[in-house]
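>>> I would like the atomic coordinates for the input below:
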Amino acid sequence: DNGTVTNVTLSSVTNGQTVAEGGSITYTVSTDHAVTGSPLVVTLSNGSQISIPVGASSGSVTVGVRSDDAYSQGPEQQNVSISGTSGGNFEAVTTTGTVSNSVTDNGTVTNVTLSSATNGQAVAEGGSITYTVSTDHAVSGSPLVVTLSNGSQISIPVGASSGSVTVGVRSDDAYSQGPEQQNVSISGT
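Numbers count the residues shown, from 1 in each chain. Below you'll find the predicted structure:
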């Protein structure tokens, strides 16, 4: 017995590439000798395991990167290497290879919608209109401030997905002014 060393190498076709959030990376481990006796289990530094069956010399696992969401996190560097091996009936094992990928935000759009329970209805002088702004994702990081075309602002707090503001219409007075149309929209965030 001469203590033959078996090389176990980690690779990926995406090594060095950018992967969008919600995507995945396939890691492949290969050996320069077929596995005998029992499967070779290779543990990666990200906690994933690849099992190479008896008689084979490679195996793969596909791992999802962070989920696709509406929040801006910026790029995240992932460097994965082999952290350990067991089984395979090899005399000695050396491990090589690091897979490096940058996970990027893919620019998911968040919709912001303006509504009012009185939309399309007449509101008497001296009354008020409550405007509600809703998002299709809860706010994270810092409050979302929405400016309306009438100058009002609505702040949606972190963790919430809506906010409201009540605005008075023209005051009730003794003068006849006739109806006044108010069209309010979102002018900025």
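
>>> number of residues surrounding T4?
10 (other Cβ atoms under 10 Å). Where C-beta positions appear, they are placed from N, C-alpha and C, glycine not excepted.

>>> make sure it is actually in contact with N89.
No. With contact defined as Cβ atoms under 8 Å, T4 does not reach N89; the gap is 11.6 Å.

>>> mind giving me the domain ranges of the protein?
5-104, 112-172 (automatic domain parsing).

>>> rank the ones you listed by pLDDT, which is bottom?
Mean pLDDT values for those show the minimum at domain 112-172, a mean of 89.

>>> of the domains of the chain, which stretch is the most buried?
Mean neighbour count (mean count of other Cβ atoms under 10 Å) peaks for domain 5-104 among these, with a mean of 15.

>>> all helices of the protein, in order?
Remark: helices of the chain are absent; assignment by DSSP state H.

>>> quick revisit: now the domains of the chain in JSON lines, with distance to Q182?
Formatted as JSON lines, these follow (distance: least, Cβ to Cβ, whole Å):
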{"stretch": "domain 5-104", "distance to Q182": "31"}
{"stretch": "domain 112-172", "distance to Q182": "7"}
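
>>> identify whichever of these lies nearest to T189.
domain 112-172 (5.3 Å; Cβ to Cβ).

>>> between the two ends of that closest one, how far is it?
For domain 112-172, the first-to-last residue distance is 33 Å (Cα to Cα, to the nearest Å).

>>> distance between it and the chain's centre?
28 Å (Cα atoms, centre = their mean, to the nearest Å).
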